[in-house]
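Peer 1: Sequence first, then the predicted structure, then my questions.
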Amino acid sequence: MGTEGTRRVRLSIKRLLNMLLCSRAMAAPLRSLVEDYSRYHQAFQLFLERSSEHQCMRDFIHAVLPDMLASVGSGQSTLNVMGVGSGAGEMDLEMLGQLRLKHPEAKVDNEVVEPSGDMLYKYKVLVSKTPDLDHITFRWNKMTASEFEKDWKERNLEKRMDFVHMIQMLYYVKDPEATVTFFRSLLHKNGKLLIILVSGESGWGRLWRTFKAELCNTDISQCITTRDIKSFLDAKGIPYQKHTMPSQMDITECFKPGDEKGELLLDFLTELMDFSKSASPELREGVLELLRHPDCSKEVDGRVIFNNNLEAIVLDP
């Protein structure tokens, strides 16, 4: 082979290597939003502002939960309560308030399981500012659900729970079925386990079913909905009560390129950092098209309103 032929072969190899390097760079995994706590927190606060999530939870806590709480404890002087993934404690204190109304004479031993030091600090500040909590003993566990399970088993505790709640937290465990099974096993004979997640029929459910491979973190159960939990319970023959919690979110700005709030909401919806900039054009267009689809959203007075419905599942021992 002459010099010119050798040069061509080398150029061809060089081009091939460049193409391989480029394809690897393009195939690099997108960064999860939870890797940047500051941006995640910012996106989450915007989500709460734009959605009726907390309000629909409060409606459930005040209208439906009290009747369930009435049957726990059966006259005990102390009620054992546990919040798994309690966050900053707003919903916990709402539920503890309803428990007090149903069992005004009872003391409460409240186990708080939360891995975020920042969230635990906010919870403690909230407790310090909230009156009439002298009947509650707070036990703070800065750990994940799996760490708590391991710690509980190592200590060989026989303590049983009258009420356990797991609100919007099963997305962050590796094995939701095992997690539900363990915490249900802690219930006292009249106890209740409350699970709240997005509904399988919500916009989230449709988004995750369509783009699971692209959006969902395989290390945790990020894209789980109540449909998955109910399938597991049905397969095991475990009875449960279910309650739909209607909720919505205004995502209009997501369709305005470069809009700061729209970009934040897109990051929250996909749980990916800088989704608009880092996702491929095909993925970006596909997600935006689906978010606008009637299966996910409806248009009201020129605004795009996303179906953010939640569902509560209640289990007995």
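Peer 2: Cool, the structure landed.
Peer 1: in stretch 33-42, what counts as buried?
Peer 2: Residues of stretch 33-42 classed as buried: 33, 39-40 (neighbour count, 16 or more other CB atoms under 10 Å). Every C-beta, even on glycine, is put in place using the N, C-alpha and C of the backbone.
Peer 1: so A312 makes contact with V64?
Peer 2: Yes. At 7.4 Å, A312 counts as touching V64 under the criterion of CB atoms under 8 Å.
Peer 1: out of these two, which sits in the busier spot?
Peer 2: Using other CB atoms under 10 Å as the criterion, A312 and V64 rank with A312 on top: 25 against 14.
Peer 1: which neighbours do A312 and V64 share?
Peer 2: Shared contacts of A312 and V64 (CB atoms under 8 Å, 6 or more residues apart in numbering): H243.
Peer 1: got a markdown table for the buried residues of stretch 33-42, with secondary structure too?
Peer 2: Below are these laid out as a markdown table (DSSP: H, G, I helix; E, B strand; the rest coil):
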| residue | secondary structure |
| --- | --- |
| L33 | helix |
| R39 | helix |
| Y40 | helix |
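Peer 1: how many other residues sit next to A43?
Peer 2: Neighbour tally, A43, other CB under 10 Å: 22.
Peer 1: And for S116?
Peer 2: By other CB under 10 Å, 17 other residues sit near S116.
Peer 1: which element is the closest residue to H54 other than its chain neighbours on?
Peer 2: Excluding the flanking residues, the one nearest H54 by CB to CB, 6 or more residues apart in numbering is L48, at 6.1 Å. For L48, the host element (DSSP states H and E) is helix 37-50.
Peer 1: Please state the offset of stretch 61-71 from the chain centre?
Peer 2: 23 Å (CA atoms, centre = their mean, to the nearest Å).
Peer 1: Pull the contacting residues for K107.
Peer 2: So K107 contacts 77-79, 135-137 (CB under 8 Å, 6+ apart).
Peer 1: any idea which of those is closest to M57?
Peer 2: I136 (20.0 Å; CB to CB).
Peer 1: can you give me the helices in the stretch 51-200 of the chain?
Peer 2: 53-63, 65-70, 90-102, 117-129, 145-155, 176-185 (DSSP state H, counting those that start in this stretch).
Peer 1: Tabulate those helices (a markdown table), appending mean pLDDT, mean neighbour count and distance to S202.
Peer 2: What follows is those, written out as a markdown table (pLDDT from 0 to 100; neighbours: other CB atoms under 10 Å; distance: least, CB to CB, whole Å):
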| stretch | mean pLDDT | mean neighbour count | distance to S202 |
| --- | --- | --- | --- |
| helix 53-63 | 96 | 16 | 11 |
| helix 65-70 | 95 | 17 | 21 |
| helix 90-102 | 97 | 18 | 19 |
| helix 117-129 | 96 | 14 | 24 |
| helix 145-155 | 94 | 15 | 23 |
| helix 176-185 | 96 | 18 | 17 |
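Peer 1: Ok, which of those comes nearest F232?
Peer 2: Closest approach to F232 among the helices of the stretch 51-200 of the chain (CB to CB): helix 176-185, 5.0 Å.
Peer 1: Give me the pLDDT for I220.
Peer 2: pLDDT, I220: 69.
Peer 1: going forward, begin numbering at 5 instead of 1
Peer 2: Got it, first residue is 5 now, which makes that one I224.
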